[in-house]
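Q: give me the fold of what follows.
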Amino acid sequence: MNIELRQLRYFVAVAEEMHFGRAAAKLHMTQPPLSQTIQALEAALGTPLFLRSTRHIALTPAGQALLPEAQRLVLQALALPQLVQRAAAGASGHLSLAFVSIADYSVLPPYLREFRASHADVQIELREATSDVQLEALEKGQIDAGLLIPPLPDRLHAVLNYQKVLSEPLILAVPEALGARKKADMLASYKDLPLIIFPRKIAPALHDVILGRFRDEGLTPLIGQEAIQMQTIVGLVSAGMGIALVPQSVSNLKRPGVLYHALKPATATQNGSVEIGIAWRKDNASPVLQAFLKLLRN
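A: Numbering: from 1, shown residues only. From the prediction side, this is the model:
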């Protein structure tokens with residue numbers, strides 16, 4: 001069976017007008033080819049669609065059953081150009097985005113709000129994951145982009161693009177019970193407390209920056225716990241398990257029993273900040289991804 005969209009469009013016009021002459025005028029054509037097209041459609045379907053007399057026409061039961069479906073198909077076909085154009089412009093489609101936990105307290109919420117405001121028809125799939133997991137997913141093409149902590153492994157430089165999004169200083173998170181008795185701007189005041197930190201293989205840059213702050217002050221911290229989620233680290237601080245150096249935006253995570261203190265500024269020889277950036281495959285030409293990257297650049 002070979003039914004053309006044109007045949008359905010002609011059928012809908014006749015069914016809505018209930019008159020071949022008026023339907024032909026509506027379609028900007030003459031009546032004979034319209035009648036021939038309807039007859040060809042009936043032949044293809046194997047049943048009459050109209051009851052015809054010299055004075056009027058009416059839909060057969062088969063015609064009544066076909067009309068709503070034909071109307072739906074015609075309307076869908078009319079919407080196809082806009083659908084395709086919106087997808088080509090990145091206004092609709094799908095975006096798979098992974099993020100490290102610290103991005104949830106800084107760049108992720110405002111960027112998502114702005115992107116959703118201008119791309120309401122884009123389906124966004126979010127996945128919280130550590131940087132190493134994101135890099136593996138990017139390499140396999142399982143996600144479109146990842147908000148992660150650099151650096152990228154050398155082997156992935158030919159595969160991935162990277163763009164810096166945010167750099168922020170470290171602050172000190174301490175148990176509230178100790179906050180009033182210590183000098184908040186000196187790590188030496190807390191040298192006797194265990195340090196809660198990310199495992200180095202999960203976030204080597206963040207791990208090294210944290211230990212670098214201690215080293216530059218002549219301190220060797222006692223690592224008491226390792227955790228891969230920022231909320232877990234802050235939770236352990238709340239429980240009195242130790243202290244932590246966290247990105248400044250983590251202070252947005254209000255947890256009872258935790259105080260956040262600014263550290264003295266890093267010196268010229270120190271790297272006292274944590275960077276978050278976005279990585280994506282160089283061969284990913286998704287218009288939706290390009291629209292999201294444009295938002296970040298702006």
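Q: contacting residues for Q231?
A: By CB atoms under 8 Å, 6 or more residues apart in numbering, the contact list for Q231 reads S101, L253, R255. Glycine gets a C-beta too; all of them are placed from N, C-alpha and C.
Q: between the residues you listed, which is closest to R297?
A: S101 (23.9 Å; CB to CB).
Q: grab the nearest non-local neighbour of that closest one.
A: Excluding the flanking residues, the one nearest S101 by CB to CB, 6 or more residues apart in numbering is M230, at 4.1 Å.
Q: roughly how far apart are that neighbour and A129?
A: Distance of M230 to A129, computed by CB to CB, to the nearest Å: 13 Å.
Q: and those two? which has more neighbours close in?
A: M230 (22 against 19; other CB atoms under 10 Å).
Q: quick one: the more buried one from S35, how far?
A: 72 Å.
Q: what does V258 give?
A: Distance from V258 to S35, by CB to CB: 80 Å.
Q: ok, L289 - contacts?
A: Contacts of L289 (CB under 8 Å, 6+ apart): G90, L95, D144, A145, W280.
Q: buried sites along the helix or strand it falls within?
A: In this assignment (DSSP states H and E), L289 forms part of helix 287-297. Using 16 or more other CB atoms under 10 Å as the burial criterion, the residues of helix 287-297 that qualify are P287, V288, L289, A291, F292, L293, L296.
Q: so the fifth one makes contact with A145?
A: Yes: counting by CB atoms under 8 Å, F292 sits close enough to A145 to count as a contact (7.0 Å).
Q: need the mean per-residue confidence for the helix holding L289.
A: Helix 287-297 carries an average pLDDT of 90.
Q: just how off-centre is it within its chain?
A: Helix 287-297 sits 10 Å away from the centroid of its parent chain (CA atoms, centre = their mean, to the nearest Å).
Q: kindly report the same for stretch 239-250.
A: With CA atoms, centre = their mean, you get 28 Å for stretch 239-250.
Q: now do stretch 59-73
A: Worked out by CA atoms, centre = their mean, stretch 59-73 lies 40 Å from the chain centre.
Q: which one among the contacts of L289 gets closest to V133?
A: Of these, the one sitting nearest to V133 (CB to CB) turns out to be A145, at 13.9 Å.
Q: separation between the closest one and E139?
A: Counting by CB to CB, the gap from A145 to E139 is 13 Å.
Q: with neighbour numbers in mind, choose between those two.
A: Neighbours were tallied for A145 and for E139 using other CB under 10 Å; the higher tally belongs to A145 (25 against 14).
Q: for the more buried one, give the beta-bridge partners.
A: Here A145 shows beta-bridge partners L97, W280, assigned using DSSP bridges.
Q: helices and strands around whichever strand or helix holds I210, which ones?
A: For I210, the host element (DSSP H and E) is helix 204-216. Applying 3 or more CB pairs under 8 Å, 6 or more residues apart in numbering; DSSP states H and E, one finds that helix 204-216 contacts strand 160-175, strand 195-197, strand 273-281.
Q: check those strands for me and report the most buried one.
A: strand 195-197 (a mean of 24; mean count of other CB atoms under 10 Å).
Q: give the contact list for the closest residue to Q134 other than its chain neighbours.
A: Leaving aside its chain neighbours, Q134 sits nearest to G146 (3.6 Å; criterion: CB to CB, 6+ apart). G146 makes contacts with L97, A98, F99, A129, S131, Q134, L135, A137, L138, I278, A279, W280, as judged by CB under 8 Å, 6+ apart.
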